[in-house]
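Novice: pasting a predicted model and its sequence here:
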Amino acid sequence: MADTLTVTDNRTGKSYELPISHGTVNAMDFRQIKVTDDEFGMMVYDPGYKNTASCKSRITFIDGEKGILRYRGYPIEQLAERATFLEVAQLLINGELPTREQHEKFVEEVTVHTFVHENMKSFLEGFRYDANPMSMFISSVAALSSFYPEAKDVLDEECRRAQMIRLIAKVPTLAAFAYRHSQGLPYVYPRNDLSYSGNFLAMIFNINQPNYQPHPTLERAFDVLFTLHADHEQNCSTSTMRAVGSSQVDPYSALAAAAAALYGPLHGGANRMVLYMLEEIGSKDKVPEFIKKVKNREALLMGFGHRVYKNYDPRARIIKKLAHEVFEITGVNPLLDIALELERIALEDEFFVKRKLYPNVDFYSGLIYQAMKFPIDFYPVLFAIGRTVGWLAQWREMLLDKEQKIARPRQIYLGEGARDYVPLEER
Ligand code: CMC
């Protein structure tokens, strides 16, 4: 069996044999298909990149039909249960789990880079008291680029590594500062004696307790949540990281763009939309009415559906279980009943079954965040902290990939032909 695809152009009767590699044909091979020699050649049209592979990657594997997610070959369930987030960070970036020695060195490096320049505080002071924390986060990540002008040397591995450490270390600090600003609370400096997640909780919740210790269950919950959000192959924000990074801009600017892409309600902003939706539904008995609205296309069931998963999102399954552990400490979120009822009805209803719509990662995460008393608008920031690692791993892979070029899609131009300018007074 030949690994080729034969394409016959019925306009000319000519046949072309295109090589197939990894179940894919190279879009550039279509360019040879022309009716006349002076034509541009055939392109492929794929709005939303629904069937276009933009890269070859060795980082994350998803089987959307079976509901499988693996980082570098390791099942997400095992990593969530047994690894720390910083181990997962090393795995995603370097390709292998670290040895103890490599891990201790990495943890030390991340820990000593958690502080941000003092000017960052005055930068954040410029935001109104009610500014959305995600706007503050995106802007402050972009602003980091001005503190590290050497970061533009993106083709140098040592330089790349230094910026990756800085970003992983500093995003929790920027996130926590954004939170404290929005609450009118003084900023809390990082604590080097705590774990990555423990330090984050301290910067968020500590009010004047010199020996503040995060609750171990909540600390572990955050490690799991960061791990679950760490990477998800070529989603909207990761594609943005790769596309912006492909211009060889510094990683702070590229990561700010990726975070901006994450913010939208169809992507990482969905976790906050789920909470607004649950609050709007208000009680369990109103669920059937809301489902009717969704089926009439008057609303989306936020936290449901996925471009790749046509089965239960494995992350949602882990988060649902985690929610119960967190609720033992925080008390049960009263919206849980509504969420469970929504899931129950949706999983039985033909509309959702036919379209293979299942809960995604955002469906239950917001319930945990709310139980921990995070304001709803802060949820996408929490997503961004974990995803920073994935964005960086994908950015590095893109820069090292000799087949990659600056991201620059084509278009099908359907606008006006050439016409002459008419002066304003004659129009
Ligand atoms: N509620 C109701 N109907 C839906 C939903 C939903 N949440 N999601 C998809 N559908 C319907 C959609 O209307 C379409 O129906 P039809 O074929 O009859 O027109 C069908 O299902 C296929 O949907 P699609 O919009 O073509 O699928 P997509 O791959 O373009 O969109 C999605 C994927 C995640 C944007 C979409 O499912 C959605 O908007 N979900 C709600 C927002 C959400 O939860 N986003 C988080 C995604 S997971 C984590 C992340 O990326 O941040």
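Specialist: Nice, I can see it.
Novice: for Ile376, what are its contacts?
Specialist: If you count contacts by C-beta atoms under 8 Å, 6 or more residues apart in numbering, Ile376 has them with 272, 275-276, 366, 370. Bear in mind the C-beta positions are built from the backbone N, C-alpha and C, glycine included.
Novice: ugh, typo on my part, it should be Gln102
Specialist: Gln102 touches Gln90, counting by C-beta under 8 Å, 6+ apart.
Novice: any idea how far the host helix or strand of it is from the middle of the chain?
Specialist: Assigned by DSSP states H and E, Gln102 belongs to helix 100-112. Taking C-alpha atoms, centre = their mean, to the nearest Å, one finds the center of helix 100-112 at 25 Å from the center of the full chain.
Novice: what element comes up after it heading to the C-terminus?
Specialist: Past helix 100-112, the next helix or strand by DSSP H and E is helix 119-125.
Novice: which helices and strands does the very next helix or strand once past that following helix pack with?
Specialist: Sequence order places helix 133-147 as the next helix or strand after helix 119-125, per DSSP H and E. With contacts taken as 3 or more C-beta pairs under 8 Å, 6 or more residues apart in numbering; DSSP states H and E, helix 133-147 sits against helix 119-125, helix 157-183, helix 251-262, helix 379-400.
Novice: mean neighbour count and distance to the ligand for the ones you listed - can I get that in CSV?
Specialist: Listed next are the helices and strands packed on helix 133-147 as CSV, based on neighbours: other C-beta atoms under 10 Å; distance: least, C-beta to the nearest ligand atom, whole Å:
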stretch, mean neighbour count, distance to the ligand
helix 119-125, 14, 26
helix 157-183, 21, 17
helix 251-262, 25, 7
helix 379-400, 25, 7
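Novice: quick one: mean pLDDT for stretch 42-59?
Specialist: Per-residue pLDDT values over stretch 42-59 give a mean of 97.
Novice: again with stretch 307-321
Specialist: pLDDT averaged over stretch 307-321 gives 92.
Novice: which residues touch that stretch?
Specialist: With C-beta under 8 Å, 6+ apart as the criterion, stretch 307-321 contacts 50, 62, 64-69, 76-77, 80, 224-225, 228-229, 233, 235, 306, 356, 358-361, 363-365, 368.
Novice: pick out the residue of the stretch 1-150 of the chain closest to the ligand.
Specialist: Closest to the ligand within the stretch 1-150 of the chain is Gly48: 6.2 Å, counting by C-beta to the nearest ligand atom.
Novice: for the residue of the chain found nearest the ligand, list the residues it contacts.
Specialist: Closest residue of the chain to the ligand, C-beta to the nearest ligand atom: Gly305 (2.3 Å). Counting by C-beta under 8 Å, 6+ apart, Gly305 makes contact with 355, 357-358, 360.
Novice: now these in TSV, with distance to the ligand?
Specialist: TSV is the format used below for the contacts of Gly305 (distance: C-beta to the nearest ligand atom, whole Å):
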residue	distance to the ligand
Arg355	4
Leu357	5
Tyr358	10
Asn360	4
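Novice: need these in CSV (columns: pLDDT, secondary structure and neighbour count).
Specialist: Shown next, in CSV, are the contacts of Gly305 (pLDDT from 0 to 100; DSSP: H, G, I helix; E, B strand; the rest coil; neighbours: other C-beta atoms under 10 Å):
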residue, pLDDT, secondary structure, neighbour count
Arg355, 94, coil, 11
Leu357, 94, coil, 20
Tyr358, 92, coil, 22
Asn360, 90, coil, 24
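Novice: and stretch 268-279 with the ligand, contact?
Specialist: Yes. Looking at stretch 268-279 against the ligand by C-beta under 6 Å from any ligand atom, the contacts come from 268, 270.
Novice: please export the C-alpha coordinates of that stretch as CSV.
Specialist: This file holds the C-alpha atoms of stretch 268-279, laid out as CSV (Å, rounded to 0.1, in the frame of the first residue of the first chain):
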residue,chain,number,x,y,z
GLY,A,268,-10.2,30.1,29.6
GLY,A,269,-12.8,32.7,30.4
ALA,A,270,-15.4,29.9,30.4
ASN,A,271,-14.7,29.1,34.0
ARG,A,272,-16.1,32.4,35.1
MET,A,273,-19.0,32.2,32.7
VAL,A,274,-20.0,28.9,34.2
LEU,A,275,-20.3,30.6,37.6
TYR,A,276,-22.3,33.5,36.2
MET,A,277,-24.5,30.9,34.5
LEU,A,278,-25.0,28.8,37.7
GLU,A,279,-25.9,32.0,39.6
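Novice: many thanks, we can stop here.
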